[in-house]
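S.K.: coords please:
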Amino acid sequence: MADIPVVDSAAGTTDEPMFGILDIFLLGVSLGIGVYWFFFRGKKKEDEEIKKLSVVPIGGGMRSASAGGFIQKMKSSHKNVVVFYGSQTGTAEEFAGRLSKDAQRFGLKGMISDPEECEMEDLTQLTEIENSLAIFCMATYGEGDPTDNAQEFYDWLQEGSTQLDGVKYAVFGLGNKTYEHYNEMGKYVDKRLEELGAERIFELGLGDDDGNMEEDFVTWREKFWPAVCEQFGVEATGDESSIRQYSLEIVEDRPPEKIFSGEVARLGSFNTQKPPFDAKNPYLSPVKANRELHSGGDRSCMHIEFDISGTRIRYEAGDHVAVYPVNDPELVDKLGKLLNADLDTVISLNNVDEEASKKHPFPCPCTYRTAFSHYIDITAPPRTNVLKDISDYAEDPKDKEFLLRISSPTPEGKHEYHEWIIEDRRNIVAILEDLPSVKPPADHLCELLPRLQARYYSISSSPKEYPTSIHITAVLTKYTTRTGRTANGVATSWLKKKVPNGPQTNPTVPIYVRKSQFRLPFKASTPVIMIGPGTGLAPFRGFIQERHHAKEDGKELGDTILFFGCRKEKEDYIYRDELENYKNTGVLSQLHVAFSRDQEKKLYVQDLLRSQKQSLWDVLEKGGHIYVCGDARHMAPDVQRTIREVIVEEGGKSITESEDYIKKMQSKGRYACDVWS
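M.R.: Residues are numbered from 1 along each chain as shown. Down below sits the predicted model:
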């Protein structure tokens, strides 16, 4: 109901009557309008609403919301294969696109769909389409969680109220074996679809990013399509030519304000910033500080502060901040020369499938320079499908033969791809330099290469002490490849130059906050053990600031114990002064630091844990929480083995009991990890 305006009567005099003739007249008119509205207009609207409801077909009430959904698109465009993807970094989406293209080679027609944009209960209608198939490329994120765009699909599967009898499906999962919950999402989707009555037509595929994800995918794919042929009675068409998904349009006479210049989604969003800020609308944050944390050696670690004043951006200690980087301008120029392309040409790549929900591979129109700088990953080793497609543009038969060989699914091809591309860390620029006769059109390369993704950093500050800024701690990535080329990390090398009052007077960085479950206990009196070597210290800096704030508020602190590790005390002991001050003031009850290379025998955080096993066990028995941040491949598993040893030796538990003890801690949120490989 609308608010009734109240008229201030302070200007009136006390000698006049409460209501004048005009007041009575206006009141009468208002009552008349109200009576008319109630008895006539209201009735008419009610009749209109009844009429609207009466035209809905029986059983169509729920379907109306998704009348333009993926099933309708498949029917109208005569497609029978839909490939869903759950993707956090773009790889699952890329694989989905390749499978969708593959379908044409077997007389089928495919399309890719983002489950976040679909009514997934419409899967029940897939059986209405002849020879229909649903493929799921599902990545696992964090500690066995679904990706952001697959969360609603995951929730729907858990509800389990829909029967999918007759629906044929296959699943390829993307994960990393260094994580405890390896490929959890792929395994769950595969199992749950079967439980709901769907028919698996091919075994679950599992890709391992710690090994060779591309090889895992290609191996699964080569066996998957023959199974599809057998299931539906179709055959390969024999056409192995490159299939273009987008057509090139040269855009002329377009004013600059109508051309994308790096925006993630909304044209002009960097010029007119409007909250709320998220993945599709990042905030162009001014860099308040960018200082070196290492005091020696040949490596670099940056402490960077992003200004979020007046943005309504909220964060908690333990959250992540996403940074949208830009490719090295020199590398972009080099690529343009290798392609003989005018990088300032304004283009638009338009989907040849008019029914597709994704009209462009990245924001269009834009220049080639913008595409290669902001939207396309030109530094990652290209996958085999890229090599196969660019082989068509090799003028030298030997170059063509070589590209076809290393992109083939044969054992020899896989081995050579692994050596020449993966181990040698060749990006597209290096490939075109080493195979000079290969000259693919710039627009086709824009279509083939994956999107440049945001980089995520653990926030190393607390809003309790820094409400208007977000801090990160990042090590500069820089190394020499086996071919003698210098490889620079896309984001860290770009961030290194973002120095206030430096080359850019007021540098800015596009950011947004991604929430995390990595949280301190609600009560400051709960004891905590934090284990984070190197930049694994980042979230714990925020945690310690939280405890400092609680102490300043007069709250009782539980044991707050930090295990930190670095190479050398005089080179990379980051935030040393801060940590020692927190120890001296009682915020940190214990501070243990391992310097791995300051003595003959290397010393790591897990060694320090063993030396403190009695006090660790005491903390665990008091209901303490353990937090681990850093390397997932070696450090995190080693730490968990050490904690298990402590439970066995100090707690008198068997190995099985110690494993159950840790699992119980994990289920109650008392053992949390924020790790990466």
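S.K.: residues contacting the most centrally placed residue in the chain?
M.R.: For the chain, the residue nearest the mean C-alpha position is residue 88 (3.3 Å; CA atoms, centre = their mean). Neighbouring residues of residue 88 by CB atoms under 8 Å, 6 or more residues apart in numbering: 139, 141, 147, 148. (Glycine included, C-beta is placed from N, CA and C.)
S.K.: which SS state does the first one fall under?
M.R.: If I follow you right, that is residue 139. Here residue 139 is recorded as strand under DSSP: H, G, I helix; E, B strand; the rest coil.
S.K.: residues making contact with the helix or strand containing residue 640?
M.R.: Assigned by DSSP states H and E, residue 640 belongs to helix 635-651. Here helix 635-651 makes contact (CB under 8 Å, 6+ apart) with 178, 531, 533, 536, 604-606, 609-610, 613-614, 616-617, 620-621, 626, 628, 630, 653-655, 657-659, 661-662, 671, 673, 675.
S.K.: for it, which residues meet the burial criterion?
M.R.: The neighbour-count check on helix 635-651 (16 or more other CB atoms under 10 Å) flags 635-640, 642-648, 650 as buried.
S.K.: pLDDT on the following helix or strand past that helix, on average?
M.R.: Counting by DSSP H and E, the next helix or strand C-terminal to helix 635-651 is helix 655-667. The average pLDDT within helix 655-667 is 96.
S.K.: try stretch 405-423
M.R.: Mean predicted lDDT for stretch 405-423 stands at 95.
S.K.: now the contacts of residue 88: which count as buried?
M.R.: 139, 141, 147.
S.K.: for those, which one is nearest residue 364?
M.R.: Lowest distance from residue 364 to the buried ones among the contacts of residue 88 (CB to CB) belongs to residue 147, with 24.9 Å.
S.K.: residues contacting the closest one?
M.R.: Counting by CB under 8 Å, 6+ apart, residue 147 has contacts 86, 87, 88, 92, 138, 139, 140, 141, 185.
S.K.: what about the strands in the stretch 101-250 of the chain?
M.R.: For the stretch 101-250 of the chain, the strands defined by DSSP state E, counting those that start in this stretch occupy 110-113, 133-141, 145-146, 168-175, 199-200, 205-208, 246-250.
S.K.: just send these back as JSON lines, with mean pLDDT too.
M.R.: Formatted as JSON lines, these follow (pLDDT from 0 to 100):
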{"stretch": "strand 110-113", "mean pLDDT": "94"}
{"stretch": "strand 133-141", "mean pLDDT": "96"}
{"stretch": "strand 145-146", "mean pLDDT": "93"}
{"stretch": "strand 168-175", "mean pLDDT": "98"}
{"stretch": "strand 199-200", "mean pLDDT": "97"}
{"stretch": "strand 205-208", "mean pLDDT": "97"}
{"stretch": "strand 246-250", "mean pLDDT": "97"}
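S.K.: same list (these) but as JSON lines, adding distance to residue 355.
M.R.: Shown next, in JSON lines, are the strands of the stretch 101-250 of the chain (distance: least, CB to CB, whole Å):
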{"stretch": "strand 110-113", "distance to residue 355": "7"}
{"stretch": "strand 133-141", "distance to residue 355": "17"}
{"stretch": "strand 145-146", "distance to residue 355": "27"}
{"stretch": "strand 168-175", "distance to residue 355": "22"}
{"stretch": "strand 199-200", "distance to residue 355": "26"}
{"stretch": "strand 205-208", "distance to residue 355": "27"}
{"stretch": "strand 246-250", "distance to residue 355": "14"}
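S.K.: out of those strands, flag the one nearest residue 332.
M.R.: Nearest of those to residue 332, taken as CB to CB: strand 246-250 at 19.0 Å.
S.K.: could you say what helices and strands the closest one packs with?
M.R.: Where contact means 3 or more CB pairs under 8 Å, 6 or more residues apart in numbering; DSSP states H and E, strand 246-250 is packed against strand 346-351, helix 442-448.
S.K.: name the strands paired with that strand and say parallel or antiparallel.
M.R.: strand 346-351 (antiparallel) (DSSP bridges).
S.K.: so residue 444 sits right up against residue 361, yeah?
M.R.: No - Residue 444 lies out of contact with residue 361 (CB atoms under 8 Å); the separation is 11.2 Å.
S.K.: picking that back up, just name the most buried of the helices and strands packed on strand 246-250.
M.R.: Sort these by mean neighbour count, taking mean count of other CB atoms under 10 Å, and helix 442-448 sits at the top with a mean of 22.
S.K.: and it, what's its mean pLDDT?
M.R.: Mean predicted lDDT for helix 442-448 stands at 97.
S.K.: tell me what that helix is packed against?
M.R.: Right, helix 442-448 is packed against strand 246-250, strand 346-351, helix 384-390 by 3+ CB pairs under 8 Å, 6+ apart.
S.K.: quick one: the helices in the stretch 1-150 of the chain?
M.R.: 21-36, 42-54, 70-76, 91-102 (DSSP state H, counting those that start in this stretch).
S.K.: number of nearby residues for the closest residue in space to residue 535 that isn't next to it in sequence?
M.R.: In space, residue 535 comes closest to residue 473 once its chain neighbours are excluded; the distance is 5.0 Å by CB to CB, 6 or more residues apart in numbering. Residue 473 has 23 neighbours, counted by other CB atoms under 10 Å.
S.K.: wait, is residue 473 part of a strand?
M.R.: Yes - Residue 473: assigned to a strand according to three-state DSSP.
S.K.: if it is in a bridge, with which residues?
M.R.: Beta-bridge partners, per DSSP bridges, of residue 473: residue 303.
S.K.: so the longest helix seen in the chain versus strand 133-141, what angle?
M.R.: For the chain, the longest helix by residue count, based on DSSP state H, is helix 213-232. Helix 213-232 runs at 160 degrees relative to strand 133-141, counting by axes from the mean of the first three to the mean of the last three CA atoms, to 10 degrees.
S.K.: in stretch 471-482, what counts as buried?
M.R.: 471, 472, 473, 474, 475, 476.
S.K.: which residues touch that stretch?
M.R.: So stretch 471-482 is contacted by 293, 299-306, 321, 323, 423-426, 457-461, 486-489, 491-493, 495-496, 534-535, 537-538, 541-542, 574 (CB under 8 Å, 6+ apart).
S.K.: go with 6 Å
M.R.: Outside stretch 471-482, the residues that touch it by CB atoms under 6 Å, 6 or more residues apart in numbering are 300-305, 424-425, 457, 460-461, 486-489, 492, 496, 535, 538.
S.K.: of these, which belong to strands?
M.R.: 301, 302, 303, 304, 305, 457, 486, 487, 488 (DSSP state E).
S.K.: of those - the most surrounded one?
M.R.: Ranking the ones in strands among the contacts of stretch 471-482 using other CB under 10 Å puts residue 304 first, with 25 neighbours.
S.K.: just the terminal-to-terminal distance for stretch 448-456.
M.R.: 24 Å (CA to CA, to the nearest Å).
S.K.: residues in contact with it?
M.R.: Against stretch 448-456 from outside (CB under 6 Å, 6+ apart): 89-90, 94, 320, 322-324, 375-377, 386, 389, 491.
S.K.: again, only using 8 Å
M.R.: 89-91, 94, 279, 282, 320-325, 327, 361-362, 374-378, 380, 382-383, 385-386, 389-390, 428, 440, 490-491, 514.
S.K.: show me these that map onto strands.
M.R.: Using DSSP E, the contacts of stretch 448-456 in strands are 320, 321, 322, 323, 514.
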